[in-house]
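> Kindly return the folded structure for what I paste below:
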Amino acid sequence: MFARLTVVYDDRPPLPREIEEIVGAGRFSAILRRRVSFGELIRDEILKGGCEDFYHLTDDLDANFLAGMIQNAAPGAIFLRLPSCQMPTRAGKLADLVAQAIYAPGSRLLAEPAHGEAPALLETGDLLPLLSPYNAQVMREHFLSPALSGRVSGNPCGFVDLRRPEQFLEFMAGATETRAFNNARISGWTLRKSSSDRAKMQAEYSFFHVAPESLKPFLLPTFGFEDDGKVASYAMERLAVPDCAMQFIHFAFDESAFADLVDGFLNFIAARPLRPDGVAAVRAVARASILNKMDARLEKFLGCDMGRRVDRMLAEAGPLGALSKFAARGRELVAAAIEADASDSLAIGHGDPCFSNILFDRRTRLLRLIDPRGARSRDEAWMHPLYDLAKFSHSVLGGYDFINNDLFDCVIDRSLSLQLLLQSGGPPRWSQEIFMTRLQAAGVDLKIVRAYELSLFLSMLPLHMDHPQKLVGFALTACKLISWLEEQP
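As a prediction, this is how the structure comes out:
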């Protein structure tokens, strides 16, 4: 009945409270890392190893059913049991393990037991006790039994137990989508970020050191800048604090915690020094850094093969027609917003406070902004005062993090028009209401902020051509924003 190797992915281990506080309630298998869920990652590696006999246990009924089937297992059957609370840090080795498992000399553990759990290759008799109702003590006693405790491999896959918050956050480092030119390396309590874009690394490193004292409580200190002429890097303290994107896409926030996040971010906005340059000068900055940047990037995108393909696709089925057409409507809206914007001062800003660049601990309300646009001097740090708010808005109101992590579908409606559907509805409506209410109370014009947010979605198109499916998602979001802006009085 069973192939020579059968994989049992045991997804019954519960999320500890500390992990639920990071990603919300759910299962380990559903947690996303770099746009792929843990369960999908495991299954993909199993398939790469040539095994299609895969059982995903989500409760004790699944385990009981499998136990009944195993009673008829052929002699020599071997089972690879993978507890969902443990993940391989060297995922490619898992495929190799599966390919070689047919040569396994009986039952053996693939790593030392951690908190009563261990991945293991097991013969039928050694697997059956683990298919009883899930009990951590039973698991512990089984893996510590003389029959198994002395038969441990050298952990070739680098399995780590994700029930420990510090190990979970270390494994998840860089979990939400990042740009390809950055590389992060963790060593002890330090995270070192490096890139061949040396000027960018120097600017990011320098920003903390040129930032005014009023902003430093919101920033993560940088240190240890190095530049070998090819790659530059700098270090930061590795905090055991998750980024907001990870929490937002897993729906970990409740209304109270999200209100704390918004209030903390607006405290940062209020703490920024302002330089009164006058309305005309601020509008000139907006045209250069928002409107002209959008124009240049759209020209670049529509001038390449990928951009032309997206343009043709939207011409046929887009809700507002071709990208080249509705982008012109978007430009008019952004230009009109600049003319209506009465901001008369520039601000020293972060430049990229999207949710993946905001560390936030919901229990302590600790908030730190990382990965700034950067500045090598105070003069380089001045920017339009609403730019940081537009970046925050494109996560809360625009659903950027859902698209960026492939948590969306593009579907055809009854009129044969493309529509964007974010997973589980995207950002909760209550989170958007909290943000919009806070903006109104602060006297910020939501229409102007959202027009600048529109420019962000259009500007990022040429930056994501390594993930083509995102391009249509960003373009359809721009369509929604254009329609919303045109409806406003």
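
> Who's the closest spatial neighbour of L323, skipping the chain neighbours?
Nearest residue to L323, sequence neighbours excluded (C-beta to C-beta, 6 or more residues apart in numbering): D311, at 4.6 Å. The C-beta positions use only the backbone N, C-alpha and C, and glycine is treated the same way.

> quick check, the one you found in a helix?
Yes - counting by DSSP: H, G, I helix; E, B strand; the rest coil, D311 is found in a helix.

> for it, what are its contacts?
Contact partners of D311, counting by C-beta atoms under 8 Å, 6 or more residues apart in numbering, are 302, 322-324.

> Show me which of the residues you listed is closest to H250.
Minimum distance to H250 across the contacts of D311 is 31.3 Å, recorded for L323 (C-beta to C-beta).

> quick one: that closest one and A478, what's the gap?
8 Å (C-beta to C-beta, to the nearest Å).

> A25 now?
Distance from A25 to A478, by C-beta to C-beta: 33 Å.

> for S195, same thing?
28 Å.

> Pick out whichever of these two has more residues nearby.
Higher neighbour count among S195 and A478: A478, with 25 against 19, using other C-beta atoms under 10 Å.

> now that one, nearest residue through space, not along the chain?
F457 (4.6 Å).

> mind listing what that neighbour touches?
Neighbour list for F457: 394, 398, 400, 474-475, 477-478, 481 [criterion: C-beta under 8 Å, 6+ apart].

> Swap in 10 Å and give it another go.
Counting by C-beta atoms under 10 Å, 6 or more residues apart in numbering, F457 touches 294, 330, 394, 398, 400, 403, 473-482.

> Likewise for G158?
87-91, 93-94, 111.

> pLDDT check: weakest of these?
Of all those, A91 carries the smallest pLDDT score, 84.

> Count the neighbours of that residue for me.
Neighbour number of A91 under other C-beta under 10 Å is 16.

> what's the closest non-adjacent residue to G473?
Per C-beta to C-beta, 6+ apart, closest to G473 is I403, 4.1 Å.

> contacting residues for the one you found?
I403 neighbours (C-beta under 10 Å, 6+ apart): 177, 394, 420, 422-423, 426, 457, 460, 464, 467, 469-474, 476-477.

> which of the residues in stretch 148-161 are buried?
Residues 148, 152-153, 155, 157, 159-161 are the ones in stretch 148-161 that count as buried (16 or more other C-beta atoms under 10 Å).

> quick one: which of those residues is nearest E487?
Looking across those and measuring by C-beta to C-beta, the closest to E487 is V160, at 49.7 Å.

> Give the helix, strand or coil label for the closest one.
Going by three-state DSSP: V160 is strand.

> ok so, going back, if you average pLDDT over the host helix or strand of the residue nearest to A478, what comes out?
Using DSSP states H and E, F457 maps to helix 446-459. What helix 446-459 shows for mean pLDDT is 98.

> show me the contacts for L5.
L5 touches 46, 49-53, 77-80, 97-102, 104, 121, counting by C-beta under 10 Å, 6+ apart.

> Ok, L41 next?
Here L41 is in contact with 29, 32-34, 87-88, 91, 94 (C-beta under 10 Å, 6+ apart).
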